[in-house]
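A.B. asks: No letters, just coordinates:
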């Protein structure tokens, strides 16, 4: 993990140096407002935009675990303590996505257009290929690790759409995914303390002894698969509709529409592995009979309730986030929501 993150950071540094050198000497600055003005004036050549965007995409892609730079993430999440997994999967990974939204798209629009086909292929690999790999997992922690990687594909789809609707959905999905995956890793960390193994074959029937954990985990599962009433649903709807009306003019070559239709299969895939993991963990016959297992401790219930409440609040009232996020993208794109 450390090697991957260090490599991604070095590549990002190279990309930022290239961006700094690409503008005329009179406009060279690390002030984003100055760089935005230079980009709007066309002072960054399209060829340079393509090169810089590719470097930034690789650097951010490593940090975000974009296929094929994803191999470090599942193992890191599975082996990390629950608080570390919650923080990294729920918060830190989003910094790379924020970098794409804040730097690559508004400053390098020609580069984003040039590499949009490649990005679509990679994000579809995140959704479809990683989704199928997730189904094959036999441990709860590994399943959640791959699930986190898989859902990055939807955020990339919103970013790649290059319009206000899609990017606003991507930004909200970052927050929504952070809530749901943090909730799932938190409950998994509590389960890890109480059972001998997180293998699905070694668990089962935990709902009888951990009813609150089963209830909270179930809500996290429903949020992760995008069930209506949770913030993930509203965000994914915005991403899908934004991708259908992407900001790039492809005339009769509707590449984004086809990619979106393929990406919708990921919803089915995520429902399969999430619901199966929920059933095999909390229901059925217990693999270890006669062992008393305590439910989640009282001091842990309040933060769990906060995660659930936030996901439901923004699920029923997504306009709370939309009204604050969408205006930030109005100066970035010409497409309207």
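C.D. replies: Perfect, I can see it now. Everything numeric here is computed off the predicted structure, so don't read it as measured data.

A.B. asks: Over the helix or strand residue 54 falls within, what's the mean pLDDT, rounded is fine.
C.D. replies: Per DSSP states H and E, residue 54 falls inside helix 46-64. Here helix 46-64 scores 88 as its mean pLDDT.

A.B. asks: any idea which residue sits dead centre in this protein?
C.D. replies: Central residue of the chain (C-alpha atoms, centre = their mean): residue 152, 3.2 Å from the mean position.

A.B. asks: Look at that residue and report its pLDDT.
C.D. replies: For residue 152, the model assigns a pLDDT of 89.

A.B. asks: and what of residue 307?
C.D. replies: Reported pLDDT for residue 307: 92.

A.B. asks: Ok, residue 253 next?
C.D. replies: 48.

A.B. asks: Ok, residue 32 next?
C.D. replies: 75.

A.B. asks: cool, the one 4 residues further on as well?
C.D. replies: Note on residue 36: pLDDT of 76.

A.B. asks: can you check residue 86 too?
C.D. replies: Looking at residue 86, its pLDDT reads 85.

A.B. asks: Run through the residues that contact it.
C.D. replies: Contact analysis of residue 86 by C-beta atoms under 8 Å, 6 or more residues apart in numbering lists 181, 182, 185, 186, 189. From N, CA and C alone the C-beta is placed, and that goes for glycine too.

A.B. asks: returning to that earlier point: what separation is there between the residue nearest to the centre of the chain and residue 214?
C.D. replies: As judged by C-beta to C-beta, to the nearest Å, residue 152 and residue 214 stand 27 Å apart.

A.B. asks: Residue 267 now?
C.D. replies: 23 Å.

A.B. asks: Looking at these two, which one has more neighbours?
C.D. replies: Neighbour comparison, residue 267 and residue 214: the larger count goes to residue 214, with 21 against 16 (by other C-beta atoms under 10 Å).

A.B. asks: Is the more buried one within a helix or a strand, and which one?
C.D. replies: In this assignment (DSSP H and E), residue 214 forms part of helix 211-224.

A.B. asks: Would you mark the buried spots in that helix?
C.D. replies: Neighbour counts over helix 211-224 (16 or more other C-beta atoms under 10 Å) mark 212, 213, 214, 216, 217, 218, 219, 220, 221, 222, 223, 224 as buried.

A.B. asks: Chain neighbours aside, what residue packs nearest to the fifth one?
C.D. replies: Closest residue to residue 217 in three dimensions, ignoring its sequence neighbours and counting by C-beta to C-beta, 6 or more residues apart in numbering: residue 187, at 4.5 Å.

A.B. asks: Number of residues surrounding that neighbour?
C.D. replies: As a burial measure, residue 187 scores 30 neighbours (other C-beta under 10 Å).

A.B. asks: In which helix or strand does it reside?
C.D. replies: Taking DSSP H and E as the criterion, residue 187 maps to helix 164-192.

A.B. asks: mean confidence score for that helix?
C.D. replies: Rounded to a whole number, the mean pLDDT of helix 164-192 is 90.

A.B. asks: Could you list every helix and strand that the lowest-mean-pLDDT helix or strand in the chain packs against?
C.D. replies: Ranked by mean pLDDT, DSSP states H and E, the weakest helix or strand in the chain is helix 32-40, scoring a mean of 77. When contacts are defined as 3 or more C-beta pairs under 8 Å, 6 or more residues apart in numbering; DSSP states H and E, helix 32-40 packs onto helix 105-107.
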